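[1] based on what follows, work out the 3D shape:
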Amino acid sequence: RYTVTRPATHPSNPEPKASELAAACWNTLLELLGPNAGHSTFDQPGATLSRLTADLTSATADMSIRLPPDFDTRTLLQRLRTRLPAGTLDIQNNVPACRVDRTDPVVRALTTGIRQHHTQPRLKVKTATSDMNTLAEVWNIPMATYGPGDSSLDHTDHEHIVLSEYQHSIDILTQAIHQLARLPSHPDNSPTDTTPPHPRSRR
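    Numbers count the residues shown, from 1 in each chain. Just a heads-up that it's a prediction; the model follows:
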């Protein structure tokens, strides 16, 4: 969240206004992320200007930045702060990205369950935050994201689930859980902390 205040002045004053500084902060962020940044590729960062409230004397800009695993967040923030002539930049929330391998036991179990129900599995990475990101911070256990529906419709007015796909996914999950239940327990797969993570808002 970028916040800045400026003294009251006439619009024709050449001194930068709060609204202009907020716009400049957003443009600087995009510049620092680079020309390949965007939400279409998992391995590249992507930024969204979530909210902007501004006038000549005060401005607040909420910027949501989706970062890939192992991205140097500290350096990005340092470079952005260095480029800001005024105002403050505060981190409201931080949920690290996570990615699991195709050999993850949950991925394998889900893939088997999908195939056994005569459907071709499609492995993909999601450029969005889910409970998996939050759990991965505290639990060292196999995990994957699965469910019915078209993820491209998430948070839109057309988001929906076809009931037949919903019922189909229950059968697949049931099969996957039975397969996971037969796996031998391993110390590396046991939770490092059995306390559920604190709830947090996610953008």
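[2] quick one: buried residues of stretch 171-189?
    172, 175-176, 179 (16 or more other CB atoms under 10 Å). All C-beta atoms are positioned from the backbone trio N, CA, C, and that covers glycine.
[3] okay, and the helix or strand of the chain with the least pLDDT?
    helix 131-136 (a mean of 85; mean pLDDT, DSSP states H and E).
[4] any idea which helix or strand comes after it?
    Toward the C-terminus, helix 131-136 is succeeded by helix 163-181 as the next helix or strand (DSSP states H and E).
[5] who touches that following helix?
    105-106, 109-110, 112-114, 116-117, 119, 146-149 (CB atoms under 8 Å, 6 or more residues apart in numbering).
[6] could I get the residues you listed as CSV with pLDDT?
    What follows is the contacts of helix 163-181, written out as CSV (pLDDT from 0 to 100):
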residue, pLDDT
105, 93
106, 93
109, 93
110, 93
112, 92
113, 91
114, 92
116, 90
117, 87
119, 85
146, 87
147, 84
148, 87
149, 85
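[7] buried stuff in the least confident helix or strand of the chain?
    For helix 131-136, the neighbour count (16+ other CB under 10 Å) marks 133-134, 136 as buried.
[8] let's have those in a markdown table, adding distance to residue 35.
    Formatted as a markdown table, the buried residues of helix 131-136 follow (distance: CB to CB, whole Å):
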| residue | distance to residue 35 |
| --- | --- |
| 133 | 26 |
| 134 | 31 |
| 136 | 30 |
